[in-house]
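Q: Here's my sequence, what's the structure:
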Amino acid sequence: MPLERPDSPRHSRRGSVAFLVAAVSMAMLGLSFAAVPLYRLFCSATGFGGTPRAASAAPLEKGQRQLTVRFDANVAPGLPWKFAPETPQIRLHTGETATVYYKALNESGRETAARAAFNVSPDSAGAYFNKIACFCFDEQRLGPSETREMPVLFYLDPSLEIDLAMEGVHTVTLSYTFFALKAPRGEKTAEVREPKRDISPP
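A: Predicted coordinates:
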């Protein structure tokens, strides 16, 4: 069988196909890395899947409906924290801003870092739950045995009053789960060491 010349049309076509396959593979890889942050951005902007929306300011007018907002707290396995809301629930009108506090305690003898994932239930309420300030926007670091109060400033959008899916909803639950973050390479968390005791005879 005669060898194919490098400058032959068939050889050129094969090279083009190989380049195209490699380019598509790299594009798919890039999209897979971008998918997670893009999905989070989409959820935050639309309230999809019960994700609370981020807001820059409170609405100018209050609504007529009053709802109960419950607060839930969870810690994923591997994170030595205690985490709980200081108030289990409140009642407020739509358009009314409220600030509630969660409290976190690092029960370990070293610094630990974590980030909170969050959602609202029922899912239909996610589009109307607006957070102006929240500890979940940033990574949280607690030193050994450190306790911290973490505020959440939010409101329920008055436009929920004209949504038929929200007509029978009287209670909304805001839920957080803290997940441990790994320390960056080369960075060691601070360990607490007990001072050495002098056990020599007097």
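Q: contacts, neighbours, all on C-alpha from now
A: OK.
Q: Tell me where this structure has strands.
A: Along the chain, counting by DSSP state E, strands occupy 53-54, 66-75, 81-85, 89-93, 98-106, 112-121, 129-134, 140-142, 147-156, 171-181.
Q: Report all helices and strands that the last one contacts.
A: It refers to strand 171-181. Helices and strands touching strand 171-181, by 3 or more Cα pairs under 8 Å, 6 or more residues apart in numbering; DSSP states H and E, are strand 66-75, strand 112-121.
Q: what's the most buried one of the ones you listed?
A: strand 112-121 (a mean of 20; mean count of other Cα atoms under 10 Å).
Q: Not counting its own residues, what contacts that one?
A: Identification of contacts with strand 112-121 by Cα atoms under 8 Å, 6 or more residues apart in numbering yields 49-52, 79, 106, 126, 129, 135-136, 138-144, 172-183, 189.
Q: Please parse this structure into its domains.
A: 9-46, 53-181 (automatic domain parsing).
Q: can you put these in CSV and add mean pLDDT?
A: Output for the domains of the chain, formatted as CSV (pLDDT from 0 to 100):
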stretch, mean pLDDT
domain 9-46, 50
domain 53-181, 95
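Q: got the strands of the chain as CSV, with distance to Leu164 columns?
A: What follows is these, written out as CSV (distance: least, Cα to Cα, whole Å):
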stretch, distance to Leu164
strand 53-54, 20
strand 66-75, 15
strand 81-85, 30
strand 89-93, 18
strand 98-106, 25
strand 112-121, 16
strand 129-134, 16
strand 140-142, 38
strand 147-156, 16
strand 171-181, 15
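Q: Please name the bridge partners of Asn130.
A: Taking DSSP bridges as the rule, Asn130 bridges to Arg53, Tyr155.
Q: Equivalent analysis for Arg110, please.
A: Glu191.
Q: what does Pro151 give?
A: Tyr101.
Q: what residues are up against it?
A: Going by Cα under 8 Å, 6+ apart, Pro151 touches 99-102, 133-135.
Q: make it 10 Å
A: Contacts for Pro151 (Cα atoms under 10 Å, 6 or more residues apart in numbering) come out as 85, 99-103, 133-136.
Q: Fine by me, thanks again.
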